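# Need a 3D model of the sequence below.
(one chain, ligands or ions: 1)
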Amino acid sequence: MNAVEVRGLSRSFDGRDILRDVSFTVGHGEIFGYLGPNGAGKTTTIRILLGLLAPGTGEVRVLGRDLAADDEARAHVGVLFENNGLSDRMSAAGNLAYYAGLYGVEDPAERIDELLALVDLADRRDDPVGTFSTGMKRKLGIARAILHRPEVVFLDEPSSGLDPGAQRMVRDLIIELSRREEMTVFLNSHHLDEVQRICSTVAILAGGRIRAFDSVENLTTASGRPSVTVTLAGAGEGACEVVGNLPYVTECDVDGDALHCTLADPTATPDLITALVGAGFRIEEVRRSSRSLEEIYLEHVGRAEDEA
Ligand SMILES: Nc1ncnc2c1ncn2[C@@H]1O[C@H](COP(=O)(O)OP(=O)(O)OP(=O)(O)O)[C@@H](O)[C@H]1O
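Model prediction:
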């Protein structure tokens, strides 16, 4: 059984199709990145998973259960939306104590101490949250979301509005809680660099449909679409004319002295080099290159926009 299952999910608002036949799964203990442009339907998907919004068609399950119909199952799930769900007037510890009461957390004092230490706010425990920075509030929001030791936690844009230092703190915290608390983390994010660093699997949602669903490794390494970067001794002008028509070269691009080629055949690199040398190019270095998640994301989103 997967931690999260979405099968054939569709949902429209006021006649506009937002989600169309969306399917993906998230395994236990994974940090999963759910990506897509503004308005793609990521928060809508989370709200349907949490049982806060009815699906149009299709089926969703969290821990094998339908949260809309299963009160007990909701106790195993945590959520952080962008507003953190905190009272500015209460202290950090007071906020956590309030939620510990709502969730029926056992030994709340101990758990609150543990979490304040985890999010590095122990020394601010008695200060009103209204005096906290955006990053501190976000960290406390995450502590609130995992207070009751959920098995799955949904984090909607946990890094939005944070400076790079605070983004890093939140990123480290997510890794820590996945490792230490063995939680499955469902992360909505626009920070592709962050997602590439911490997520094991991602899905890209655009134009209402899932455009890619795979491990970050498969998406970014050469295994899917092998590519090589050839550093030439001198300008790369004319290199694409030489290799662009070779049958195994699917894409070619020159940037200064660097020639980037995507290959249809992963074993074709020596032939590519032979062709370049035959045409008089001198070669400094040849590297298999992996593509960034950002490049892959932009390609899928661009394709979805072209289709629209
Ligand atoms: N209750 C609602 N009624 C009408 N339209 C809605 C409702 N909730 C969401 N929408 C619309 O559905 C679309 C998807 O919204 P959603 O918040 O899921 O996007 P998102 O991918 O989370 O975007 P962002 O990255 O900007 O947070 C938007 O066009 C939004 O206006």
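# Show me the domain layout of the chain.
4-219, 222-289 (automatic domain parsing).
# Out of those, which is closest to His300?
domain 4-219 (3.9 Å; CB to CB). Glycine gets a C-beta too; all of them are placed from N, C-alpha and C.
# ranges for the strands of the stretch 151-300 of the chain?
Using DSSP state E, counting those that start in this stretch, the strands assigned to the stretch 151-300 of the chain run over residues 152-156, 184-188, 201-206, 209-215, 227-232, 249-255, 258-263, 283-289.
# ranking those by burial, who's on top?
Most buried of these, by mean neighbour count (mean count of other CB atoms under 10 Å): strand 184-188, with a mean of 25.
# which helices and strands does that one pack with?
strand 31-35, helix 42-49, strand 152-156, helix 164-180 (3 or more CB pairs under 8 Å, 6 or more residues apart in numbering; DSSP states H and E).
# Glu285 touches Thr231, doesn't it?
Yes - counting by CB atoms under 8 Å, Thr231 is a contact partner of Glu285 at 4.2 Å.
# what sits against the residue positioned nearest the centre of the chain?
The centre of the chain sits closest to Gly33, judged by CA atoms, centre = their mean, with a distance of 2.3 Å. Residues near Gly33 by CB atoms under 8 Å, 6 or more residues apart in numbering: 187, 189, 195, 198-199, 201-203, 216.
# any idea how far Val4 is from it?
13 Å (CB to CB, to the nearest Å).
# Show me where this structure dips below the pLDDT cut-off.
222-225 (pLDDT under 70).
# Going along the chain, name the helices of it.
Applying DSSP state H to the chain gives helices spanning 42-49, 71-74, 92-103, 108-118, 134-146, 164-180, 192-198, 216-220, 239-243, 269-278, 293-307.
# count of neighbours near Gly161?
Neighbour count of Gly161, defined by other CB atoms under 10 Å: 12.
# and the gap between it and Leu118?
Taken as CB to CB, the span from Gly161 to Leu118 is 21 Å.
# for Gly238, same thing?
Shown here: Gly238 relative to Leu118, a distance of 57 Å by CB to CB.
# ditto for Thr220
30 Å.
# and what of Val170?
12 Å.
# more neighbours, these two?
Between Val170 and Leu118, counted using other CB under 10 Å, the more crowded position is Val170 (22 against 18).
# quick one: contacts for the more buried one?
135, 138-139, 142, 158-159, 162.
# got the buried residues for stretch 270-281?
271-273, 275-276, 281 (16 or more other CB atoms under 10 Å).
# interface residues of the protein facing the ligand?
13-14, 18, 36, 38-44 (CB under 6 Å from any ligand atom).
# Now a PyMOL select for only the buried ones of those residues.
PyMOL command restricting the residues of the chain next to the ligand to the buried ones, with burial defined by 16+ other CB under 10 Å:
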select buried, resi 18+36+40+41+42+43+44
